[in-house]
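1. with the sequence up front, the predicted model follows.
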Amino acid sequence: MTYTSTDSARPAAVFAREGDIWRPSELSRGPWDPRAQHGGAPSALMAHVAESAMAEPGWQLARLSVELIKPVPVAPLTTRCSAQPARSTTRLTIDLLAGETLVARAHALMLRGQALGLPDGLPGLSPPRLLPLPGDCSEPLRIPGLPPDGLSFYGSAVDTLAAQGDVSRPGPGAAWFRLAVPLVLGTPNSPAMRAAAAADFGNGLSWVLPAERYVFSNADLSLHLHRQPVGEWIGLASETQADGSGAGITLSRLYDEQGPIGVAIQTLVLRDRGAA
């Protein structure tokens, strides 16, 4: 089933919920296979499931570790969620299933927020700003080998702005991302959902191997947020390390327009495109 907005042929959301079923639209599609989702779509969905599991206000997503066990299909999905609550933290395990097949599993750490009076100028692990800010960027991100034509998560569900580096060449890069549509039909995109959707773009943003010769898909995503992002735009400053053994790692520092919000790490599966 396709959920279509009233003003264009683009579906109105990445997912729609019907009872216990999550129905992905074409906006969930990834770059490697039109039958499989982009990793940002199920990652953001499981951030939503984690937040929805908390019955009381005041909880925030501090960590989301997503294991992409199999390609997540563009097909009906279900989720199972179990919780281990404590006074200041709650740990959630979320299974994502296509039929009876487990395709992804997330471990979420929810933290009970508490206002603290901290001194100014504390040292951090990321530079204090990602510049230029979205309002000063003009060019959309065009990742080589990943054409934005057709309905897809990268090309249709997310707006992008290139910030630093030359994405046409291998090496580190930085860009801004925002969800252009609701992730879940009828539900506002939360700060954590926006961060999870953007965090999966790190390996494409900072590619080191040409996409026409190699596949460099990520097998997981580990997102850590020390602060909930403010505003719609999420910035990534990413760098990738690859090895001839067939493994790689992408490290992304995450930002909003006010400053750092966290980090993300992806484990990459590197394969020769012809063999894959």
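-> The structure has been received and is ready for your questions.

2. mind listing the strands for the stretch 1-150 of the chain?
-> 15-18, 21-24, 59-68, 78-85, 89-98, 101-112 (DSSP state E, counting those that start in this stretch).

3. hey, which of those strands is tucked in deepest?
-> Stretch with highest mean neighbour count among the strands of the stretch 1-150 of the chain: strand 59-68 (a mean of 21; mean count of other CB atoms under 10 Å). The way it works is simple: take the backbone N, C-alpha and C, and place the C-beta from them, glycine included.

4. can you list the strands that it pairs with?
-> Strand 59-68 has its sheet partners listed here by DSSP bridges as strand 101-112 (antiparallel), strand 220-225 (antiparallel).

5. as a markdown table, those strands with mean pLDDT and distance to V167 would be great.
-> Output for these, formatted as a markdown table (pLDDT from 0 to 100; distance: least, CB to CB, whole Å):
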| stretch | mean pLDDT | distance to V167 |
| --- | --- | --- |
| strand 101-112 | 98 | 27 |
| strand 220-225 | 98 | 20 |
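
6. out of the strands of the stretch 1-150 of the chain, flag the one nearest V269.
-> Counting by CB to CB, V269 lies closest to strand 59-68 out of these; the figure is 9.6 Å.

7. next one: that closest one to chain centre, how far?
-> 11 Å (CA atoms, centre = their mean, to the nearest Å).

8. next one: stretch 47-55
-> 16 Å.

9. measure stretch 234-248 end to end?
-> Here the two ends of stretch 234-248 are set 24 Å apart, with distance taken as CA to CA, to the nearest Å.

10. so which bits of that stretch are buried?
-> Within stretch 234-248, the residues that qualify as buried are I234, G235, L236, A237, S238, E239, T240, A242, G248, counting by 16 or more other CB atoms under 10 Å.

11. likewise stretch 213-230?
-> For stretch 213-230, by 16+ other CB under 10 Å, it's 214-218, 220-225, 228-229.

12. please save the CA atoms from that stretch in CSV.
-> The C-alpha trace of stretch 213-230 is given here as CSV (Å, rounded to 0.1, in the frame of the first residue of the first chain):
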residue,chain,number,x,y,z
ARG,A,213,33.8,-0.7,-7.8
TYR,A,214,32.9,-1.5,-4.2
VAL,A,215,30.0,-1.9,-1.8
PHE,A,216,30.6,-0.4,1.6
SER,A,217,27.3,-1.0,3.4
ASN,A,218,27.1,-0.8,7.2
ALA,A,219,26.2,-3.8,9.3
ASP,A,220,25.4,-1.7,12.4
LEU,A,221,24.9,1.8,13.7
SER,A,222,25.8,2.9,17.3
LEU,A,223,24.4,6.3,18.1
HIS,A,224,25.3,8.1,21.4
LEU,A,225,23.5,11.4,22.2
HIS,A,226,24.7,13.6,25.1
ARG,A,227,22.1,16.2,24.2
GLN,A,228,18.8,16.2,22.4
PRO,A,229,19.1,18.1,19.1
VAL,A,230,17.3,21.4,18.7
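
13. next one: that stretch to chain centre, how far?
-> On CA atoms, centre = their mean, the centre of stretch 213-230 falls 6 Å from that of its chain.
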